[in-house]
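Quick one: sequence plus predicted model below, questions after.
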Amino acid sequence: MIVTNVLAFTNDLKNPLVDDALVRFENGKITFVGPRREYSIQEDEEIIDGEKGILLPSFFNAHYSVYSSISSYPLKLLKDNQTNKSFFSNLLESVRSEINPSLVRLSAEVAVLKAIRSGSVAISSPIVDHPEIDPTFYKEVAAKYGVYLAVGPILTEETIDNIAGRWESVTRDSTFCPIVYVSELATYNEDSLRKLRELYEKGMNLNLFIFDMKRENETCLLRWGESLIERLLKNGILGSECGVIYGGNLSETDMDIISSRRIFVTKSLRSEMYAGSFQSNISDLLGRGMQVCLGTGFIGSDMLGEAKEVILTERYHRGFDNYLIDYEIRKTLFDNNHRLFQRLFGKSTGVLKEGYSADLALSRSCLDLEKFDSHLPITLQLVLKSFFDTSFDKVWNSGELILDKGFPQKISKKELKDLSKELRNLEL
């Protein structure tokens, strides 16, 4: 397969942008990236005309709240003016209280469809566990749509026994990785922390919700006489297979400990802004050597929109120049996101380069009025230009076309029509 007549954003520092490019892939791997004039096309090769679009690595959405893909749970909390940690706690409670099996199932499928249309081939997400939905359902969704899913239930101290019983034996495969999301950690007693450690020791990935470490520490010190990080370390939980979601108000000591253990920290800036807990700390986290990723949280599925927020917040709150912001976006959106993807699924991706997986997204510009300036930061230009006037026309996962002309390719038109009918009949 050959894609030609495109501007290739490669995410390869040695060759970041290729004009009038040709990209060839075979058996799921990229075999050539370069100017079209440097490749001799054979008669039997399948060719796709990119029509001067932008070809770039597809995305990994490192934190996408699939439960909110249909029902707008965050909007329901505005009437009480809830902010900060109380917002997230009450958001989860609202989701748990209103969930039903049809909504759980449809939310997952709609979220995947939205993610693909936003150029993502992989999602990491919390889900709301329901006794009528078997965990293997998410494996089936990954296979059905041709994507990668790293998903699992939101766990609290009250639900740990029930959720552990349903999820601890769930096996991972090449496209599915079970994860448990742990909320309200500061309230866990020693027995609950032991149960968490046992889950971790059985190979379960743990993602730890830390909305505001300062508040978590205050709760921990009041209840247990030690900080949250101290409790997690003492109980053998804070290991390399853990992740941290949001990571607000981390001290320098917290950052150094998390960094030394190579733990990924995922930020969702727009979700944090909406919840009233936002802090401009991406540069601080990166500066301490932390592996910071980006996800869209409960604000849609648009990864380029999330990256745009990095530009705006770092300019407004920190006054950083374009080159520093360009570095932050490249490190989060592309480099670290795909490192996390590789840790979860063992796949080298995120770069248009020979030998890497052919995970690609073709973005078509509505109006071909602008060009990239080679003297300005490339990643910054990509985010700004793509966000304002482009849509994703085609998406490939391991060389397989899973989106074409904006429509999913792994399911039939009848299946898509039936899904739409179910959504219309769904009562919220």
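Okay, I see it.

Domains in this protein, by residue range?
2-58+349-408, 60-345 (automatic domain parsing).

Kindly reformat those as a markdown table containing distance to E415.
C-betas here are computed from N, CA, C, even on glycine. Converted to a markdown table, the domains of the chain look like this (distance: least, Cβ to Cβ, whole Å):
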| stretch | distance to E415 |
| --- | --- |
| domain 2-58+349-408 | 9 |
| domain 60-345 | 9 |
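
SS state for S391?
Secondary structure, DSSP: H, G, I helix; E, B strand; the rest coil: S391 is strand.

just checking, it touches R364?
Yes. S391 is in contact with R364 according to Cβ atoms under 8 Å; the separation is 6.2 Å.

Mind checking which of these two has more residues around it?
R364 (19 against 14; other Cβ atoms under 10 Å).

do you know how far the more buried one is from G53?
4 Å (Cβ to Cβ, to the nearest Å).

in this protein, which helix or strand is least confident?
Every helix and strand in the chain was compared by mean pLDDT, DSSP states H and E; the lowest is helix 73-76, with a mean of 60.

Tell me the helix or strand right after that helix.
Going down the chain from helix 73-76, the next helix or strand is helix 84-98, by DSSP states H and E.

after that following helix comes which helix or strand?
Next element after helix 84-98 (DSSP H and E): helix 101-117.

What angle do helix 84-98 and that next one make with each other?
If you take axes from the mean of the first three to the mean of the last three Cα atoms, to 10 degrees, helix 101-117 sits at 120 degrees to helix 84-98.

Pull out the buried positions in the helix or strand just after helix 101-117.
Once the chain leaves helix 101-117, the next helix or strand it forms, by DSSP H and E, is strand 120-127. Neighbour-count burial for strand 120-127 flags S120, V121, A122, I123, S124, S125, P126, I127 (criterion: 16 or more other Cβ atoms under 10 Å).

okay, the fifth one: pLDDT?
At S124 the predicted local confidence, pLDDT, stands at 97.

picking up where we left off before, and which of the buried residues of strand 120-127 is nearest to Q342?
Closest approach between the buried residues of strand 120-127 and Q342, by Cβ to Cβ: A122, at 10.5 Å.

right, and the closest one touches L149 too?
Yes. Contact criterion Cβ under 8 Å: A122 and L149 qualify, at 7.5 Å.

and of the domains of the chain, who's closest to L416?
domain 2-58+349-408 (6.8 Å).

Quote the end-to-end distance of that closest one.
20 Å (Cα to Cα, to the nearest Å).

Tell me, how many residues neighbour the closest residue to Y323 other than its chain neighbours?
In space, and not counting its chain neighbours, Y323 is closest to P377: 5.5 Å by Cβ to Cβ, 6 or more residues apart in numbering. When counting by other Cβ under 10 Å, one arrives at 19 neighbours for P377.

quick one: P377 and D326, what's the gap?
3 Å.

Please apply the same query to G53.
Between G53 and D326 the computed distance is 22 Å (Cβ to Cβ).

How many neighbouring residues does the closest residue to K139 other than its chain neighbours have?
The shortest distance from K139 to any non-neighbouring residue, by Cβ to Cβ, 6+ apart, is to F176 (4.4 Å). As a burial measure, F176 scores 23 neighbours (other Cβ under 10 Å).

Surely F176 touches Y138?
Yes. If you go by Cβ under 8 Å, F176 and Y138 touch, sitting 6.3 Å apart.

shared neighbours of these two, anything?
Taking Cβ atoms under 8 Å, 6 or more residues apart in numbering as the contact rule, F176 and Y138 both touch L149.

Report the distance from the helix or strand hosting A8 to the chain centre.
Here A8 sits within strand 2-9, counting by DSSP H and E. Centroid separation for strand 2-9 versus its chain: 25 Å, with Cα atoms, centre = their mean, to the nearest Å.

what does that strand rub up against?
Looking at what lies outside strand 2-9 - Cβ under 8 Å, 6+ apart - the contacts are 16-24, 33, 36, 39, 41, 45-57, 352, 360, 362, 372, 378-379, 382.

Filter those residues down to the buried ones.
So, by 16+ other Cβ under 10 Å, the buried ones in those are 16-18, 21-24, 33, 36, 39, 48, 50, 53-57, 352, 360, 362, 372, 378-379, 382.

Tell me which of the residues you listed fall in helices.
Counted as lying in helices by DSSP state H, out of the buried ones among the contacts of strand 2-9, are I378, T379, L382.

got a markdown table for these, with pLDDT and distance to S94 too?
Output for these, formatted as a markdown table (pLDDT from 0 to 100; distance: Cβ to Cβ, whole Å):
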| residue | pLDDT | distance to S94 |
| --- | --- | --- |
| I378 | 88 | 41 |
| T379 | 90 | 37 |
| L382 | 85 | 36 |
